[in-house]
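Asks: Below are the sequence and a predicted model for it; my questions follow.
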Amino acid sequence: MKLKKIALATALVTVSTVSWAACTINDRVNIIGNEFPAIHAVVDGAKACTGAEVKSNLTADHQKLNVAGMTGTPAEYTSAIIANSSIVALMNEDVIRPLDDLVAKHGQNIKKNQLITIDGKIMAVAFMANAQHLVYRADLLEKVGAQPPKTYEEMLEIAEKLRSEGVVQNPIGGAYAAGWNLAQEFNNMFLGYGGEFFESGSANPTVNSPAGVSALNMMKSLSAYMNPDFLTHDSNATNAEFRAGNVAMMNMWGSRAATLGTAEGVSQEVADGLAIAGPLMVGEGKTPASTLWWDGFTVSKNISDSEAEATFVAMANGIAPERMDDAMSPLAVWLIDGYEPTAQAQGVFEAVNMNTQPYPMLPYMGLMHTALGNELTDFMQGNESAEQALADAEAAYMAAAKEKGFL
Amino acid sequence: MLSSRKAPWQMRLFTGSILVLWLILAAFPFLWTLWGSFKVELDFFSKEDWRSALTGPRTLVEYGSAYTGAGYDGAWVEEEFWRSALNTFIVCFFTVLISLTLGTLGGYALSRSTYNYTFWILIVALIFRAMPPITLVAGYLLPFFEWNLWGHLATSIIVLVAINQPFTLWMLHSFFSKIPKELDESAKVDGCTQFQAFRRVIIPVMWPGVITTGLFSFLLAYNDFAITSMLLSKENQTMIPKIASFLGTTQTEGNVMFAVAAVVSATVPLFILVMFFQRQIVSGLTAGAVKG
Amino acid sequence: MFPTLVAMLLFIALPIVSVITQSVFTPHDAVLIETENCNPFGCKTETIIDQEATAQRRSEQPLGKFVGLDIYFDRGHLAINELSTAWEASESVGDFLDRLNNLPLYRALGFTLVFTFTVTPLMLAFGLLIALGVNSLHRHLKGLAIFFSLLPMIVSPLIGSLVLYWMIDSRGVIGSAIQWLFSDPDLSLKASTTLTWIMLIVYGVWHSAPFSFVVFYAGLQTVPQETLESARIDGASRWEQVRYVIIPHLMPLVTFVALIQLMDNFRVFEPIVGFRSEAHATSLSWFIFNDLSGETRQLSSASASSVLTIIGVAVLLAPVLVRTWKDFAAKRA
């Protein structure tokens, strides 16, 4: 009799605990990812789970640490939050596991288009999107009677007007800092001209093509209207120029556009004149001169099954539609059910609607990106021709690809 | 002293003006940053007029006064910079302690040894120091993760000690070679062992050299970036990597004024240190590396 | 003695051996297959690595594929092939140097060497000058002067270069001052390669002069007064006193400071990151950092560059080391 009572009591307690606990897990979770407010919000949701410890390491250096941290057995990190460029490193080293079974079991709230499938297997679950698009000063464009540009050629015309009429000396802004930023701008422009980075199915580079040369020439023309220090300007510096009122048009990340007008000390004029539009087209290209990025989470391979399950449940809780409230909503362009786009998110939505190409998720794209970042500065400074710069980039890429075994 | 004979006034004017120019060049950037840390980003980094950093018009608009503690508040309270400060002091204290203990014993042994290999050990130590720290740390990452050593302050302490050992060894060796061997010879004649001679006779005399080397070690550990940024997790970062993290990434905004306030906060203890120990630094170097 | 040796052996010698090993192996050739990838924006056919096939190779040879000195000779490092092509194709030395500048390691080496051989003598001379100046100050002013003079050295290079980067912007206080000085409203230190190099060298001297200052100043306290007095009595001018009495006395210190500084300047890294000047100037350490911080990390390449850096330092230090050996041998004789 007593045993029955105890059993009943235990059953009741368990049922009640399960019914009002938002999320319970039974094994450790340790997340590594980049450091922005949106990711903090997701990880806070994961940490709301009870039953086991949820740790996190969110740092801008996550790409230096994630592969090493997920290689050991058992791996230190059970989940890595990555983007379409950084998932490649994890896939190349084979440190993440397919999520099909976990999605079937716990992924009821995840929409079909959040699933990243590679070779038929779900390898990651995306929760936010980002892209570079036009951000401009509507008031300054009005002063010269111009409509917001839809193509880069139009942007050049408007820039000439703004400069010759003395409205703004350096009307165009761009994160053309040598290295990753410059290469990214080239990627955008190259895709806008319809270029192909590699021969299909192999790692042979094809950037030294008419599309590449056109892309470089367009970037050169744009840079003539930029602050002469453009090769040292990353996103921070470009934003600072915009906020100070020195820039009229720029191609900026959607994630940064949201806070452009609200930072401390921004003048009313700039805050009022701020306007956002979709990405620009260029030349005869069919898709915009921009790239789409997603951020999502993955689960490590070198961990036990119960750790993997706990990790998935915790992360799924982090991106649960119920958590989409007023605090979380403006932090990013979410792919989660129930997200209503804010005014600042229009740029990224436009980018999606215009069928912008996503950043290529190829194992050797990172090598190409680095090679471009190093070799294009010579052309931008006027020290060599476009063909020479692209040939140098291809040569640098091939040396690196041979070393990594792709060629 | 060169100053005992008064130099001709032209020479004094010349030296004096060069000196003043140098002192301004040396101190100005820090004074400027200190002043600017109480302003808003758009004033300190004004793209319109550099004088905004002095007068603070945008700070006035934003906060009603030309000065604001917002940068300090953000860094210390919001971002919990005080944790990093604590971490830095723990790391520096233990690094200096261990480094000096090992280095003193090693330097003493080297200076008293009569073998030829002494020179070669010192040269090898110097070549070790030539290795770029980035490569060393990249090499450590995988083993540290596998053995669960990553992310602990103790690991960083040991790596910092090891990397700084060559310099410490070299400096302490030259200090000890200036202390005449007769001192411990006479102690040994009185019946002490080598170690007792070290304890009784050498330790009282070696302080100036040890303090100077300790200060250099402290500076190296305090200002380190390559090692601490790669081996520590977000929670127990020291001050310098934390400042770097305030600067944001390509796709997100950082908060530059937090970084500026943190930079000033991180440099103040060093100023105080130098102010108190400058005499020791000079006398330590005088006693050790320089006696003919 | 033993604990120090063990610590150094474990943390420096072993990693150096592992780095050298890493530089002669590369990851195995990857087997690529085409697959259908789907993401929030649509589906596409892309290439990925066939993990099973590659895993097989990895388990057989965990270190990787042995390539010997291939990495050292490839375009990203010593570029032997490109060098010989350039040599045959160029018409003059200037042309050859231009082509050399196109190769990443030589570009980095060029700046590193210029930086090392400009900053080291400048900071030695400057440090001596400041030490002589401070030494002749009134007692009460000395402390203050020493304190201010030490400032540039005690601040972390990352922070120091960041602070200066903010100030030299063409709209910043130093940038504006320079524009006013040269009456050129468009002058920007960050826009031209020559000016960036000069800026980095000035920063290098600013940052390391305090070290040579404090060492020389300490040395000045121990100049033998009798020699100085007798020189003065003999009618030597100030300059001759400095040249014939003080400088010889400080020679061992010059050697010590030169040794440390040559090594540190050759490994210059933080200013390039702090000043965001990689478009105009790259250094060997930065080159290594670049290999390690991309999305796909090139460990073999970074290892090879590191080994080349160590060899470079050894070559650089050879004359100074020979001199130290002579001093050492003389003392023991």
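Replies: Nice, thanks for sending it over.
Asks: Residue B:61 reaches residue A:265, doesn't it?
Replies: Yes: counting by C-beta atoms under 8 Å, residue B:61 sits close enough to residue A:265 to count as a contact (6.7 Å). Glycine gets a C-beta too; all of them are placed from N, C-alpha and C.
Asks: anything in the host helix or strand of residue B:83 near chain A?
Replies: Taking DSSP states H and E as the definition, residue B:83 sits inside helix B:81-112. No: using C-beta under 8 Å from any C-beta of the partner chain, helix B:81-112 stays clear of chain A, coming no nearer than 13.0 Å.
Asks: List the contacts of residue A:30.
Replies: Going by C-beta atoms under 8 Å, 6 or more residues apart in numbering or on different chains, residue A:30 touches A:54-57, A:76-79.
Asks: no wait, residue B:18
Replies: Counting by C-beta under 8 Å, 6+ apart, residue B:18 has contacts C:129-130, C:133.
Asks: Quick check: it vs residue B:84, distance?
Replies: 39 Å (C-beta to C-beta, to the nearest Å).
Asks: how about stretch B:110-119 against chain C, any contact?
Replies: Yes: where contact is defined by C-beta under 8 Å from any C-beta, part of stretch B:110-119 touches chain C, namely B:110, B:119.
Asks: So which residue is dead centre in chain B?
Replies: Nearest to the geometric centre of chain B sits residue B:219, at 1.0 Å (C-alpha atoms, centre = their mean).
Asks: Setting aside sequence neighbours, what's the nearest residue to that one?
Replies: Nearest-residue entry for residue B:219: residue C:154, 5.9 Å, with adjacent residues in sequence omitted and distances by C-beta to C-beta, 6 or more residues apart in numbering or on different chains.
Asks: I'd say that neighbour and residue B:274 touch.
Replies: Yes: using C-beta under 8 Å, residue C:154 is in contact with residue B:274, at 5.8 Å.
Asks: between those two, which one's more packed in?
Replies: residue B:274 (21 against 18; other C-beta atoms under 10 Å in any protein chain shown).
Asks: Let's test this: mean pLDDT of the helix or strand where the more buried one lies, rounded?
Replies: Assigning secondary structure by DSSP H and E places residue B:274 in helix B:256-287. The pLDDT scores in helix B:256-287 average 80.
Asks: now do stretch C:173-192
Replies: 81.
Asks: Now do the buried residues in that stretch.
Replies: C:173-176, C:178-179, C:187-192 (16 or more other C-beta atoms under 10 Å in any protein chain shown).
Asks: do the same with stretch C:304-311
Replies: C:304-310.
Asks: Closest one of these to residue C:121?
Replies: Set against residue C:121, the nearest of those by C-beta to C-beta is residue C:309 (21.6 Å).
Asks: so who does the closest one touch?
Replies: B:130-132, C:266-267, C:284-285, C:288.
Asks: Could you tell me which of those belong to strands?
Replies: Using DSSP state E, no member of the contacts of residue C:309 falls within strands.
Asks: quick one: residue A:110 and residue A:317 touch, right?
Replies: No: judged on C-beta under 8 Å, residue A:110 makes no contact with residue A:317 at a distance of 11.6 Å.
Asks: now residue C:228: how far from chain A?
Replies: 50 Å (C-beta to the nearest C-beta, to the nearest Å).
Asks: Would you report the backbone torsion angles of that residue?
Replies: phi -60, psi -40 (degrees, to the nearest 10).
Asks: pLDDT score assigned to the closest residue to it other than its chain neighbours?
Replies: With sequence-adjacent residues excluded and distances taken as C-beta to C-beta, 6+ apart, residue C:228 is closest to residue C:245, at 5.5 Å. Note on residue C:245: pLDDT of 81.
Asks: Which residues are in contact with residue C:245?
Replies: Going by C-beta under 8 Å, 6+ apart, residue C:245 touches C:223, C:227-228, C:231, C:236.
Asks: again, but for residue B:135
Replies: C:15, C:19, C:288, C:292, C:302-303, C:306.
Asks: buried stuff in the helix or strand harbouring residue C:45?
Replies: Element membership of residue C:45 [criterion: DSSP H and E] is strand C:42-49. Residues C:46-49 are the ones in strand C:42-49 that count as buried (16+ other C-beta under 10 Å).
Asks: what comes up buried for the next helix or strand after that strand?
Replies: Later in the chain than strand C:42-49, the nearest helix or strand by DSSP H and E is helix C:51-60. For helix C:51-60, burial by neighbour count (16+ other C-beta under 10 Å) applies to C:51, C:54, C:57-58.
Asks: ok, and which of those reach chain A?
Replies: Among the buried residues of helix C:51-60, chain A is touched by C:51, C:54 when using C-beta under 8 Å from any C-beta.
Asks: tally of neighbours for the closest residue to residue A:264 other than its chain neighbours?
Replies: Closest residue to residue A:264 apart from its sequence neighbours, by C-beta to C-beta, 6+ apart: residue B:40 at 4.8 Å. Residues within reach of residue B:40, counting by other C-beta under 10 Å, total 26.
Asks: Might one say that residue B:40 is in contact with residue B:60?
Replies: No: Residue B:40 is beyond contact range of residue B:60, at 9.1 Å (criterion: C-beta under 8 Å).
Asks: about what we covered before: which of the contacts of residue C:309 are close to chain A?
Replies: Okay, of the contacts of residue C:309, nothing touches chain A (C-beta under 8 Å from any C-beta).
Asks: any idea of the mean pLDDT for the top helix by length along chain C?
Replies: Determined from DSSP state H, the single longest helix within chain C is helix C:299-332. For helix C:299-332, the per-residue pLDDT values average out at 80.
Asks: Quick check: buried residues in it?
Replies: Neighbour count says helix C:299-332 has C:299-310, C:312-313, C:316-317, C:320-321, C:324 buried, by 16+ other C-beta under 10 Å.
Asks: swap in stretch A:40-53?
Replies: Buried residues in stretch A:40-53 (16+ other C-beta under 10 Å): A:41-43, A:45-49.
Asks: And these, which is closest to chain B?
Replies: Closest approach between the buried residues of stretch A:40-53 and chain B, by C-beta to the nearest C-beta: residue A:43, at 11.0 Å.
Asks: The residue nearest to residue C:228 belongs to a helix, doesn't it?
Replies: Yes: per DSSP: H, G, I helix; E, B strand; the rest coil, residue C:245 lies within a helix segment.
Asks: quick one: it and chain B, what's the gap?
Replies: 11 Å.
Asks: likewise residue A:67?
Replies: 9 Å.
Asks: for the buried residues of stretch C:304-311, which one is nearest chain A?
Replies: Nearest member of these to chain A, counting by C-beta to the nearest C-beta, is residue C:304, at 9.1 Å.
Asks: Wait, that closest one touches residue C:68, no?
Replies: No: contact criterion C-beta under 8 Å: residue C:304 and residue C:68 do not qualify, at 11.3 Å.
Asks: which residue packs closest to residue A:151, ignoring adjacent ones?
Replies: Closest to residue A:151 by C-beta to C-beta, 6+ apart is residue A:281, at 4.8 Å.
Asks: and the one you found, how far is that from chain B?
Replies: Distance from residue A:281 to chain B, by C-beta to the nearest C-beta: 23 Å.
Asks: Count the neighbours of that residue for me.
Replies: Residues lying near residue A:281 (other C-beta under 10 Å) number 21.
Asks: for residue B:180, same thing?
Replies: Neighbours of residue B:180 (other C-beta under 10 Å): 10.
Asks: Now do the contacts for residue A:333.
Replies: Residue A:333 neighbours (C-beta under 8 Å, 6+ apart): A:128-130, A:254-255, A:339, A:341, A:345, A:348-349.
Asks: how about a markdown table for the contacts of residue B:135, with distance to chain B added?
Replies: Rendered in a markdown table, the data for those read as follows (distance: C-beta to the nearest C-beta, whole Å):
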| residue | distance to chain B |
| --- | --- |
| C:15 | 5 |
| C:19 | 6 |
| C:288 | 6 |
| C:292 | 5 |
| C:302 | 6 |
| C:303 | 7 |
| C:306 | 4 |
